[in-house]
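S.K.: below are the sequence and a predicted model for it; my questions follow.
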Amino acid sequence: MSPAPLPAELAGTLHLHVAFDWGDEIDLEQARRLVPAEVHTLPRRRRTPTSIAYRPAPLRFGLSPLPLELPEAGSVQAAAEATVFDFAAVSVALHVPFRLPPAGLTRLAGWLADPGPLIRAARAALEPLHRKLLPAVQSPSRRDDLSEEYVVFQVSAGGGVPSPDCLLAEHAAWLAGLVRLEAGPLSLEEVAEALRLRLRYSPDDLLVPDWAAAVLVDQDCEETLQTIEFANLQLLEFRHIDDRLDASVTAAYNLIHPLVRSWLPFWRSHARPLRALGELKVEANALVERTENVLKLVGDQYLARVYRLLSGRFHLAEWEQSIRRKLEVVEGVYRVVSDQAEHYRTEFLEVIVIVLILTELVVAFFRH
């Protein structure tokens, strides 16, 4: 039997998620007073338990349609929205309906491998909202070189689209090209690796995620898209925390050397570095906890399995381990500085006692 061909045209939606970091924290209540927004709740189907929800719920802001120039699709107006979380991270979601031949979709995927134009467009669309919400952001900071993007090709099931079984068996190379954002041919090993992680809930739906993109064959899939968006946002925050810890660990090491050369007063020389290291520990731990706890996806529920697939592709566990190791380094430096402070303080008090004893002896000698 000959393989079922792909239809001449595929209908679906291109979802582009771009995440940015605005600072340490944002007061969502103040942000809502500054700019009208809706409290964003996780959409759910019957398979999604009520225990899975955002805590606290982020805010969603509508953005003006974003003009884009995409290969194969031409000039399009992308529907745009921004979701702002309490840990001052924001995700811009762009949605572009398409009707393209399979080869055209592959060429579009190859163009999306360089996301620079899309990142710049998303940042420009977000700039007016950022200016308005800036008073609600604590310790605002923004890096133009820090962003995280993810592409989802959502193909509507039916309408001549082969079944997921057929796609995986007979059009695996085409699927792999989409999730790898590769317009050229891939080796059999690369195809197998690209499609290694996948998930199906019903016989008619399919999710194949990779590092940069995913293919989603489904129609009622808003909860899946939001789980993908959140995992992409979490990857950005882990990268952000890791970068800050890299710089802070270097600074922490540099704190030790001046202390060795300092003499008097010992406790004052240690007060500033101890305070700085203590603040760093609290800040980094708080960032990790807020990022992990805003949406807990554990267990065997469908969304939890979607998250685990993405977590594996994004290597979130490895990022978290790196952050924990660096926090342990900071803790070690803190203990060293604290021990030095205690040691120097003890020595200083001993010197004072000796000086007092000598003073008393001298005074007693001259009196007699």
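M.R.: Looks like it arrived, so ask away.

S.K.: quick check: which ranges of the stretch 201-350 of the chain have low pLDDT?
M.R.: For the stretch 201-350 of the chain, the stretches flagged by pLDDT under 70 are 251-278, 280-281, 284, 292-300, 334, 337, 340-341, 343.

S.K.: strands along the protein, start to end?
M.R.: According to DSSP state E, the chain carries its strands in the segments 10-21, 25-26, 38-39, 59-70, 74-84, 89-100, 137-138, 148-155, 206-209, 213-217.

S.K.: now render those as TSV, adding distance to residue 361 and mean neighbour count.
M.R.: The way it works is simple: take the backbone N, C-alpha and C, and place the C-beta from them, glycine included. Listed next are the strands of the chain as TSV, based on distance: least, Cβ to Cβ, whole Å; neighbours: other Cβ atoms under 10 Å:
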stretch	distance to residue 361	mean neighbour count
strand 10-21	64	22
strand 25-26	59	22
strand 38-39	76	12
strand 59-70	73	16
strand 74-84	70	17
strand 89-100	66	20
strand 137-138	58	16
strand 148-155	70	24
strand 206-209	80	25
strand 213-217	82	25
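
S.K.: residue 356: which of those strands is closest?
M.R.: Smallest distance to residue 356 across the strands of the chain (Cβ to Cβ): 48.6 Å, for strand 137-138.

S.K.: average pLDDT for stretch 113-133?
M.R.: Average pLDDT, stretch 113-133: 92.

S.K.: go on, stretch 180-190?
M.R.: On average, stretch 180-190 scores 93.

S.K.: please identify the buried residues of it?
M.R.: Residues of stretch 180-190 classed as buried: 180-183, 186 (neighbour count, 16 or more other Cβ atoms under 10 Å).

S.K.: what sits up against it?
M.R.: Here stretch 180-190 makes contact (Cβ atoms under 8 Å, 6 or more residues apart in numbering) with 106-107, 109-113, 151, 173, 176-177, 194, 210, 212-213.

S.K.: please list all residues in contact with the nearest residue to residue 27 once chain neighbours are set aside.
M.R.: With sequence-adjacent residues excluded and distances taken as Cβ to Cβ, 6 or more residues apart in numbering, residue 27 is closest to residue 136, at 4.6 Å. Contacts for residue 136 (Cβ under 8 Å, 6+ apart) come out as 26-28, 30-31, 34.

S.K.: now residue 136: how far from residue 283?
M.R.: To residue 283, residue 136 is 19 Å away according to Cβ to Cβ, to the nearest Å.

S.K.: hmm, back to that, include distance to residue 237 when you put the strands of the chain into CSV, please.
M.R.: Below are the strands of the chain laid out as CSV (distance: least, Cβ to Cβ, whole Å):
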stretch, distance to residue 237
strand 10-21, 7
strand 25-26, 12
strand 38-39, 21
strand 59-70, 17
strand 74-84, 13
strand 89-100, 6
strand 137-138, 15
strand 148-155, 9
strand 206-209, 19
strand 213-217, 20
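
S.K.: out of those, the one nearest residue 306 is which?
M.R.: strand 206-209 (6.5 Å).

S.K.: ok, which stretches of the stretch 251-368 of the chain are helices?
M.R.: Counting by DSSP state H, counting those that start in this stretch, the stretch 251-368 of the chain has these helices, from start to end: 266-293, 302-314, 316-367.

S.K.: out of the strands of the chain, nearest to residue 124?
M.R.: Comparing these by Cβ to Cβ, strand 59-70 comes nearest, at 8.5 Å.

S.K.: correct me, but residue 224 touches residue 306?
M.R.: Yes - Residue 224 is within contact range of residue 306, at 5.7 Å (criterion: Cβ atoms under 8 Å).

S.K.: overlap in contacts of these two?
M.R.: residue 207.

S.K.: can I see the domain layout of this structure?
M.R.: Here the domain parsing of the chain from automatic domain parsing is 10-221, 230-367.

S.K.: test for you: state the pLDDT assigned to the residue nearest to residue 27.
M.R.: On pLDDT, residue 136 comes in at 93.

S.K.: any figure for the gap between it and residue 25?
M.R.: 9 Å.
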